[in-house]
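**Student:** Kindly generate the corresponding structure for this input.
(2 chains)
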Amino acid sequence: MADVNRGNRPLSPHLQVYRPQLTSITSILTRITGNALIVASLMIVWWLLAASTDAAYFAVADGFVTSWFGDLVMFLSVWALWYHTLAGVRHLIWDEAKMLELDRAEMLGWAVIIGSVVLTLLTVIIVW
Amino acid sequence: MAFLTDRKRAVGWGAAKSGTEHFWAMKKSSVALLVLIPFFVFTFGSILGSSFEEVQAYYARPFPAIIAALTLIVGFKHFNDGFQTLIEDYVHGAMEKILILGMTCVSYGAAAVGVFAIAKLAL
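**Tutor:** Sure, this is the predicted structure:
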């Protein structure tokens, strides 16, 4: 039997013993933003369905999507979308085995953070 | 057995039971979204908050309608593939399968509803 000691072995260092680093935080944020975008996506689909149905249904869906809560979700989702997009570009760069040195990787991390904030503000200014 | 090459004996026995299809699918959809997302943000963003009649007229135009439909199709495929990776990393056993199946239904369902709505608005 290859594995008689399952469950009672020393574990390798796990999350709680690592100091947060720019690279690890930007990595997990990529996953969180990508998956969180389901909320705004489903709201947009509902809004489109209502717009294609009739004025009364549209008033309900549009009322929700443009309420203060809907605005908050959309604003955070715009940031999440730009963050995830820029982080995706970072992955496309890394997939080419480029900019993997620590200082370059950290530079890309800052580019993703700062870039996502700038693009979010630009988007809000343009579409408002 | 002795006639099998090392490669032939190894194929299909990795942890993923498959090769790079999933990675390549994510890469294709991510590059497509890199083009689609800016168009979608500024078309959808510019009409959100308008009246019912304005929204109907806007999505009757080909460009906003085609961008929205493409973004929903590629976006939900990309979302579903990404969600699958999330689940495979953190959940195992029957619940892993149930969550992946469930979210696949949600993703394709939502994409279908969205495309149906856009088609109805556009035609």
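**Student:** only C-alpha atoms for contact and neighbour calcs from this point on.
**Tutor:** Fine.
**Student:** just to confirm, which helix or strand has B:Ile66 in it?
**Tutor:** Secondary structure assignment for B:Ile66, by DSSP states H and E: helix B:62-90.
**Student:** so after that helix, what's the next helix or strand?
**Tutor:** Later in the chain than helix B:62-90, the nearest helix or strand by DSSP H and E is helix B:94-122.
**Student:** near chain A at all, that next one?
**Tutor:** Yes - remark: helix B:94-122 sits within contact range of chain A at B:Ala110, B:Ala111, B:Val113, B:Gly114, B:Phe116, B:Ala117, B:Ile118, B:Lys120, B:Leu121, by C-alpha under 8 Å from any C-alpha of the partner chain.
**Student:** still on that earlier bit, what residues of the helix holding B:Ile66 count as buried?
**Tutor:** Residues of helix B:62-90 classed as buried: B:64-84, B:86, B:88 (neighbour count, 16 or more other C-alpha atoms under 10 Å in any protein chain shown).
**Student:** ok, now stretch A:84-101?
**Tutor:** Quick answer for stretch A:84-101 (16+ other C-alpha under 10 Å): A:His84, A:Thr85, A:Leu86, A:Ala87, A:Gly88, A:Val89, A:Arg90, A:His91, A:Met99.
**Student:** Give me the residues contacting that stretch.
**Tutor:** For stretch A:84-101, contacts defined as C-alpha atoms under 8 Å, 6 or more residues apart in numbering or on different chains pick out A:Thr26, A:Thr30, A:Thr33, A:Gly34, A:Ala105, A:Leu108, A:Val112, A:Gly115, A:Ser116, B:Lys27, B:Ser30, B:Leu34.
**Student:** Chain A contacts on chain B?
**Tutor:** Contact residues (C-alpha under 8 Å from any C-alpha) of chain B with chain A: B:27, B:30, B:34, B:42, B:45-46, B:48-49, B:52, B:55-56, B:79, B:82-83, B:86, B:110-111, B:113-114, B:116-118, B:120-121.
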